[in-house]
Structure formats: structure tokens, C-alpha cells
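A.B. asks: compute the structure for the input listed below.
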Amino acid sequence: MVLAGVGLALAGLGAFSALTASIAQAQQKNKIITNSKDPLVPNGFDCSKIHELGIDKQMNFRAGAIMIACGEAQGGGASAASPTSPLGALTQFVKKLFSPLVYGGTAVDLITGAETYPQVNQSTTFSWGNPDNPDQIVVAYVDIRDFPSDAAGASVSTDGGLTFTRLTKANGQSPFENAGGSPIVLYNRPTATWFTVWGLGGCSGLGGYKSTTPWDPKSWTSYCIQSGSYDKPSGWTDMNPSSPFYGRMYVSGNDFARGGNIFVRYSTDNGNTWTNERQITTTFIRNVQITGDLVTGDVYLAGMDEDGGCSSGCGTNRNNKIYRSTDGGNTWTNTYTGPSFVGACRGTAGYFCTMYSNPAYWRHMGWGEPAAFKGVVHYVYAARNPSNGDPGNVFYIRSTDSGMTFSAPFLLNSDTDPTKAQWEPSLSVSPSGTLFAVWYDERDGGGASTCIAGSNSPCYRMYARRSNDNGLTWLPDDAFSDVVSPLPAQPHPSVVPYYVSDYDYASALATKHLASWVDGRVPINGTYQQDAFTDREPVNTPTPTATPTPTPTPTGCSVTSSGCGGIVVGTPPTEFDVNLSGPADPASVQGSDFMVNGTPANTAILLNGNLTIHFFFNTSPVVQGLNTMHIPACAFDCGNGCVQEFTCTFTYKPSTPTPTPTPTATHTPSPTPTATPTSTSTPRPTPTPRPAPSARSRPTPPPRP
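C.D. replies: The predicted model follows:
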């Protein structure tokens, strides 16, 4: 079975009808769905294939509907505590205004027009602006008003973000027919065209709608990118006319039709065709977000090794990963794998961690957003503190060498109350190098005990923090949204109950940062539910006097070898050991990382807890006299960064026979001494080398501007 990406409907879908009792009897794992009335759940689907197909790892609505139909999840419904319950009566909705409000202004509700319960949820946002007309802003989001025929929506502003209008056709529906899933909206500057990207049923995978007049619902026309079973896609477009890849457009995502690996598709003709594809991973690494450097044209993709997810609880480790392309998407390199951390978490729902428990609600694995400017790469993410039980904090890391090494994590939220969580951050960088980070924050609410989905209780507020010097220093954090929001409910019975918002993709223009989020301040049918809200932060904001200290200096590992400065006599050696001050990442080590006299080794194996690397040459590169061993800087990842450059020399002398001027019958020649660049007390058993890896291409990077 090949799922049509995050497509939410097949061609010719009828109206949604509830699951009948006969389907309910088949809603058990290891059963075959035979009488489905839900368009998202195909008849004949074998529920025992959920894990094999990676459906439990997917975040799109079709995967969620299958999980519900197979009894692996329950559908959404009425909140546990309605506004008329005792808790709702005792906890009044709080509109807590700060004076002065440091960041942003008055938040704007993106959802205009009538709504019909329970098809009322809008969340998971992607914000983008027109650099040539900053009054034009488009925010795309998940919108289930037409669910399951589509789950795609967008709102447009033509007055710089003061007001927005939800795109609605004359029949009251979204213009993005048969589309849905993770929203993407991009602006192609050379053609002045707006693009949305979704799972699109007509494309059996990724596709979308485009328009040069986005405020007109009738103007959006469909196009296709690639068939497949894509999940959590992301996109970016190069809008800098001075960039070597101006106008190029990129879309990344996990394709579960091909093992859940990350693939990048890019267009070199302003979105007209999408024939260029590159595979980024060879195992499941979550596609987090893709971005690029407007100055250099380099493209960066943030991924996450989720280490099997949260099925065993909140304590599972994961690693942030950064991939980079310096040639317009043609080749990609995993430049950085971060240290292990525990993601933000209070509860679990199958594979996913959740920010709330009893019941599990709001899936989140610690994902964040990258940004880049002038060779400096930034990333924000959320992590749990296992030592005191703090369910989530927002951290920032910074690279000054184009994503090769990163600083130690810097805590962005000043609130450290272990009962209050911060999670799901977004990040944007402006063309002048200002940074703006936004996240969900419980510090002004009552904590998890009062965060009951759908009830009229204060829960969270959007907080933000700003840097005016490309991340070198940060101003204090403060409120960004103008009210403390209740925790919004997810009432639709065909959407998994723990879905709230998977991400918010922020961006910036020359004049302002654009950020959106899911907010629960608006009740419908007596339930506080999910609405998409937005606000903006001007780039030219006066700077407060207090400036935090810079983030710590990144660390990697150093290399030593006992052969440095020694003399080797005898047979030219073919094996060399180096010792590391921190463990190496096995996935990043190749034989070619080590060279003697400029000749790379053929293979390598890791020993001693990955603190020693044993390099092999098929033919010895050693010459008589002085020889040089060399490992380039950042040839592989180790410690909390990458390897430092290593260079040292040794001398080789061929063995010389002992003179025998007076031969005798009983003379026994002395053994010829030998030495090698490595010191071992006993002969080393011949290791079983791992399969010889393909030589990595290491193009010489272009000079930085």
C-alpha cells in the first residue's frame, strides 16, 4: 500500500460519515478493514501492517484515521471539563495584559467566517511575506472545516498584517481542494507567484496550489511535485537576487513509501517543474524543517534522530542533526550531529511524546526551526530536564562555521519553574540579521493541573526573545501574545485526540518578523477550540539596555597518536591508530578521513568505546624519510562537535641487514627491529573490517562573502 503522502482524500471522495458499528467491530489490530465508510481508511487495509509501514510514526490525518480505525487510537471528542463543569465555573478565562508589552502588538485571529462544530480546528501554521510588497502576508494552516475532503486553509493580509481574511470560495469551502497535511507557503520572487504545498490527492503525494493574486480564492490553481507517501514536509525559497541560486525552491519530507527516508525536491525554474530529487538519509530521521541563507544561498535542513520514539516513556534520548547543501541542493552533507538530549514530554501516545498526560495531549518530540544568515546557522528546540522533572525548556544553539560545529545549548526561557513547560519554538532571521524566537509557555497559566482541553482555564501564552546581532547576544524574554490562552480541545472524531499543533514555521521580511500559533481563546459550541492566530515583531525595535551574555563556545574533540615524532624501521606500515578526547559518531567516520602523505586510508573501524579509530591502507603510503599524518578539521563528528585538525610527522627507515665480516657455522643473525606509528603490547588480532564505504565527496567550499 502506498499512501498518497499526507493527502487527506482519494479522488472522488464523498461526504464524511461516521464510522458505523460494523467498522467498530473491526477496529482492532491484526484485523482487516472491510466496511469502511471513512474516505481516509481504505477497505482491505491490514491493521497488522501499521508498524511495518511506519504509520505509527506519521503525523498526517490519513495515518491518524487508520490508527483510529485499527483501534490504535481513539478519535477526538468533547472536552473532559466543559465550561459548565465545576472546574469551568471556578476558572474564568484570563485576559492578562502586560504593560508594556515588549514584543508584538495585538494578536489577529486568522479565522474569519462561520464555522460548524465539530469541524472547527485550525492549527500548525506556516507564515510568509512578500519582500517586494510587505503588506502582502500569507499564513497557511491545517483547517478541518471541509474534513476529510480537504484539511488545508490559508488567510491573506493586504495591509501588512493588521487584518487577515480566510480564503473561502463562494460555496463556503477552502480553495485548496483534496489537499491537507503539513502546511507550506512560499513566495517565488522572480515570478511574483505564491505557492502552497500540501499532500495533494490529485498528485498521489506532494503538490499544491499557486497564485499571483493570493487574496482571490478563485485564482489558486493546482500543480504537482512528486508522488509518494510524504509526511511532515517543509519548504524554503531563495528570495535574494544576489544569491547564486536566486528563485530556487526546495521541499523536503519523509517518504514512507521509501523507508521513511528524507528526500529533497527542488525546482530550478521558479516552481514550473520539480524534477531534481536528492536522498538525504538512509534510515528514518525525522524531517524537522528546511531553510536557507539569503546571503550565501546555502540550504540547511534540520533533522532529528528520535531513537525509536516515546513508546517506552518520556526518558528516551534523541539527537539534532543538520544537513547542508552549498550547490543549490545538488549535494548534501550531514555536517552536525548534536549530543543526546531528552525531548520535551509529560506523557506518551503510542510512538509520540505529548506535552500533557491523563489524557495524553499535544504530541511533540522537541522539534524546532533553523535559520541562517551570512554563514551563521541557528537552531531552536525543546528539551526536558530529567533531573527535576521540568517537562520542557527552549534552547538555542549557534554555529559560526556554516553548520559544522555548534555552541553549547543556551536557555532562552527565563522561567525555570519545573511545573511550567515551554515547548514548540519557532525562529526567524531578517535580512539585517535580527533573530526572533517564539514558543508556547505556561508561566502565566496555572500549570498542567489547570490545562484541561476545552475548559475555560488559563494555560499558556506565547513568549518570545530577540537578538539584534545575529544571535551573538539576546535581549530578555517577554510575552508575545496578548492573552493567556486556554488549552484548546480537538473535538473531531476522525482526528487523533492528541493532535493540537505539530509546528509553527516563522519567517521575516526586511521590516518585520512573522509568527503564528494555535490559540484557544475563542469558544465554539461551548468548547474552547483550536484557532490560528498571528502577530508581527518590527525589525527596528528600540534595544533595551540589558543584554544577556553570548552563548558558550562550541567544543569538539582532539586527536593524538603515539606514532607522532617516532621512527619506524622495517616494513612500511599499513595500519594506524589515533586516539580521540571524545567519542566519535560512527556514522560520520570514513577511511578517507585519515591521510598519510595526502593518501586517504581505505577503511576504518572504531574501538575502545569509539575513542580509538584504526585506519587501514590496502597499500602502504609511507615513503623513506619524513611522513605526514593528517585529519582535516571537521572530517567527522565527535565529542560535542567535530574533530579538530590533526597533523603530525614520523620518520621511516627501511631495515638494514647486520654486517657479517667473519661468517661462522654457528652465527645467528640478530632479529631485525621494527616499529609502527602505533604502540601495542600484544599483537593485534585482525579485526573484521566493516564494508568499505563509498568515498565521500569533499568539494572545496566557496569562499565566504
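
A.B. asks: just the strands in the stretch 201-350 of the chain please.
C.D. replies: Applying DSSP state E, counting those that start in this stretch to the stretch 201-350 of the chain gives strands spanning 205-211, 221-227, 230-237, 249-255, 261-267, 276-279, 286-292, 299-305, 317-325, 333-337, 341-342, 347-349.

A.B. asks: need the contact partners of the first one.
C.D. replies: Residues lying outside strand 205-211 but in contact with it, judged by Cβ atoms under 8 Å, 6 or more residues apart in numbering, are 4-5, 7, 175-176, 179, 184, 193-200, 219-230, 233, 251, 253, 265, 271. (Glycine included, C-beta is placed from N, CA and C.)

A.B. asks: strands paired with that strand, and their directions?
C.D. replies: With DSSP bridges as the test, strand 205-211 is paired with strand 193-200 (antiparallel), strand 221-227 (antiparallel).

A.B. asks: and the angle for the shortest one with strand 261-267?
C.D. replies: Okay, so that is strand 221-227. Here strand 221-227 runs at an angle of 140 degrees relative to strand 261-267 (axes from the mean of the first three to the mean of the last three Cα atoms, to 10 degrees).

A.B. asks: so which residues make contact with strand 221-227?
C.D. replies: Strand 221-227 is contacted by residues 4-5, 177, 195, 197, 200, 202-211, 251, 263, 265, 271, 274, 277 when judged by Cβ under 8 Å, 6+ apart.

A.B. asks: gap between residue 377 and residue 231?
C.D. replies: 25 Å (Cβ to Cβ, to the nearest Å).

A.B. asks: so between these two, which is more surrounded?
C.D. replies: residue 377 (29 against 26; other Cβ atoms under 10 Å).

A.B. asks: the more buried one: what secondary structure?
C.D. replies: strand (DSSP: H, G, I helix; E, B strand; the rest coil).

A.B. asks: about what we covered before: would you mind finding the most buried of the strands paired with strand 205-211?
C.D. replies: Across those, the average number of neighbours (mean count of other Cβ atoms under 10 Å) peaks for strand 193-200, which reaches a mean of 29.

A.B. asks: how far does that one sit from the chain's center?
C.D. replies: The chain centroid and the centroid of strand 193-200 are separated by 20 Å under Cα atoms, centre = their mean, to the nearest Å.

A.B. asks: I'd like to check the angle between it and strand 230-237, please.
C.D. replies: Going by the same axes, to 10 degrees, strand 193-200 makes 170 degrees with strand 230-237.

A.B. asks: wouldn't residue 263 be in contact with residue 256 here?
C.D. replies: No. Between residue 263 and residue 256 there is no contact under Cβ atoms under 8 Å: 11.0 Å.

A.B. asks: quick check: closest non-adjacent residue to residue 347.
C.D. replies: Nearest in space to residue 347, with sequence neighbours left out and distances taken as Cβ to Cβ, 6 or more residues apart in numbering, is residue 357 at 2.8 Å.

A.B. asks: what sits against that neighbour?
C.D. replies: 346, 347, 348, 448.

A.B. asks: same deal with residue 617?
C.D. replies: Taking Cβ under 8 Å, 6+ apart as the test, what residue 617 contacts is 574, 575, 576, 596, 599, 601, 602.

A.B. asks: of those residues, buried ones?
C.D. replies: Buried members of those, counted by 16 or more other Cβ atoms under 10 Å: 574, 575, 576, 596, 601, 602.

A.B. asks: helix or strand right after the worst-scoring helix or strand of the chain on mean pLDDT?
C.D. replies: Lowest by mean pLDDT, DSSP states H and E among the helices and strands of the chain is helix 86-90, with a mean of 32. Following helix 86-90 in sequence order, the next helix or strand is strand 108-109 (DSSP states H and E).
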